[in-house]
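> Fold the following, please.
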Amino acid sequence: MAKRVRVVRMSVEQPLWRALTAYRILTMLYAILLAVFGRDKYERPWVAIAFLTVMAVWTLATLPKVSGAVACTKRFLGTDLALALAGILLTPLADFQAQHMDGPTLPSIWTAGSVLAFAIKGGWRWAAFASTFVAAANLIERAEPSRDTLHNVLLVWVASIAIGYVVEVARASERTLARALEIEAATRERERLARDIHDSVLQVLAMVQRRGTAIGGEAAELGRMAGEQEVALRTLVSSGLVPPTRVSEDAAEGAVVRTVETDDDEPGAPGETDLRALLAPHAGSRVSFAEPGAPVLLPPPAAMELAAAVSAALDNVRVHAGEGAQAWILVEDWPDEVIVTVRDDGPGIPDGRLAQAEGEGRLGVALSIRGRLRELGGTAELISVPGQGTEVELKVPKVPKDSRGKAGSVR
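Alright, predicted model coming up:
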């Protein structure tokens, strides 16, 4: 089953733009209500009515402009701030006593919406720029600034800069997270490719080397060249320089088909796969296969990866346990997991041999078995006693795991 890792990015700024949209509407209504209930204090009410009408039309007409960073242009920000400053400076014209009293200005707290738009769009420097103009306008509007006026001006200035700084930090964190997800996706693709290379190309090269050495003559030279290429390819795989191209596997037929993967795991993909059908072809004179009487159903990707891990374990039996080694495959279907055990009667694995093999770039257990089970959220337990054979127990949960689910392990 083809598989592709997709990285979905969601901007951390979008909730801020939605909150700003709601803030502008609510503060517009608040400014209008203040004017309605305080209409008796205006010496020139027509000034207040004219400004509030323009402010309301502008707010409603420019709602799409505060829907995101792209739509919120510099021209819009400049016009919006100019309107807010005009409202502050027009307040004494509508209310003669406004310069000597600590009452609200015509736009009231709607002005903060303009400053917040600067902060979300450009960060703390833009916020400082806009809030400085607002502070200057408020000080001019008040002929004799009071302590409350200075307090409010300072509060808007500090709060807007703080919000702008938080936005910048959030953007930096988002870029870092996106880069980390891209690196993780590329690493997982390389690991999958390395597993498939081990299951196909490296196994063939190792076989050619052994057969060529055994036959001798010109075949020995071919075997030597195959051995050199095997070492070079193992080094390339171990270094992580292999590009993220996928190699898919037809486990039922034992054939390897090199294809570029596409995402077939979307909702609506075919139903579950019977694991028994993928493992049955391994049965033979030297491999015994024990299965439940009922289908062992798993999602297609999980079934394919588990079958490939079993195939890798059998390859290790053929390579390391000797020509006459006998192997057994046991499939157990439990309510919450599927357990596949691969056992052989070979000489076993000496202590420290697995760590040494990984250090030499021989990644059969590390990638073909452990890596596959880790991506499925399962575990692989290897038990080996020198002289008494080796047993590999593969466990895969039936509950699907996401790409960042629980990692498997090898003990």
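
> Now Ile49. Nearest residue, chain neighbours left out?
Closest residue to Ile49 apart from its sequence neighbours, by Cβ to Cβ, 6 or more residues apart in numbering: Ala35 at 7.8 Å. The way it works is simple: take the backbone N, C-alpha and C, and place the C-beta from them, glycine included.

> Can you tell me the element the one you found falls in?
Using DSSP states H and E, Ala35 maps to helix 14-37.

> list the helices and strands that helix packs on?
For helix 14-37, the elements it packs on are helix 45-61, helix 111-122, judged by 3 or more Cβ pairs under 8 Å, 6 or more residues apart in numbering; DSSP states H and E.

> Ranking those helices by mean neighbour count, which comes first?
helix 111-122 (a mean of 25; mean count of other Cβ atoms under 10 Å).

> for that one, the distance to its chain's centre please.
Helix 111-122 sits 30 Å away from the centroid of its parent chain (Cα atoms, centre = their mean, to the nearest Å).

> what about Ala325, how many residues close to it?
Neighbours of Ala325 under the rule other Cβ atoms under 10 Å: 18.

> Please report the distance of it from Arg75.
Distance, Ala325 to Arg75, by Cβ to Cβ, to the nearest Å: 77 Å.

> Check Gly38 too.
Counting by Cβ to Cβ, the gap from Gly38 to Arg75 is 33 Å.

> ok, now Ile183?
38 Å.

> ok, back up a step: the helices and strands packed on helix 14-37 into JSON lines, with extra columns for distance to Leu26 and mean pLDDT?
Shown next, in JSON lines, are these (distance: least, Cβ to Cβ, whole Å; pLDDT from 0 to 100):
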{"stretch": "helix 45-61", "distance to Leu26": "10", "mean pLDDT": "93"}
{"stretch": "helix 111-122", "distance to Leu26": "9", "mean pLDDT": "91"}
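
> where do the helices sit along the stretch 51-200 of the chain?
Assigned by DSSP state H, counting those that start in this stretch, the helices in the stretch 51-200 of the chain fall at 74-94, 111-122, 124-141, 147-197.

> If I look at Leu81, what pLDDT would I see?
Note for Leu81: predicted pLDDT of 94.

> now the helices and strands packed on helix 14-37 as a markdown table including distance to Trp157?
Shown next, in a markdown table, are the helices and strands packed on helix 14-37 (distance: least, Cβ to Cβ, whole Å):
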| stretch | distance to Trp157 |
| --- | --- |
| helix 45-61 | 22 |
| helix 111-122 | 9 |
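
> Between the ones you listed, which one is closest to Ala313.
For Ala313, the closest of the helices and strands packed on helix 14-37 is helix 111-122, at 55.0 Å, according to Cβ to Cβ.
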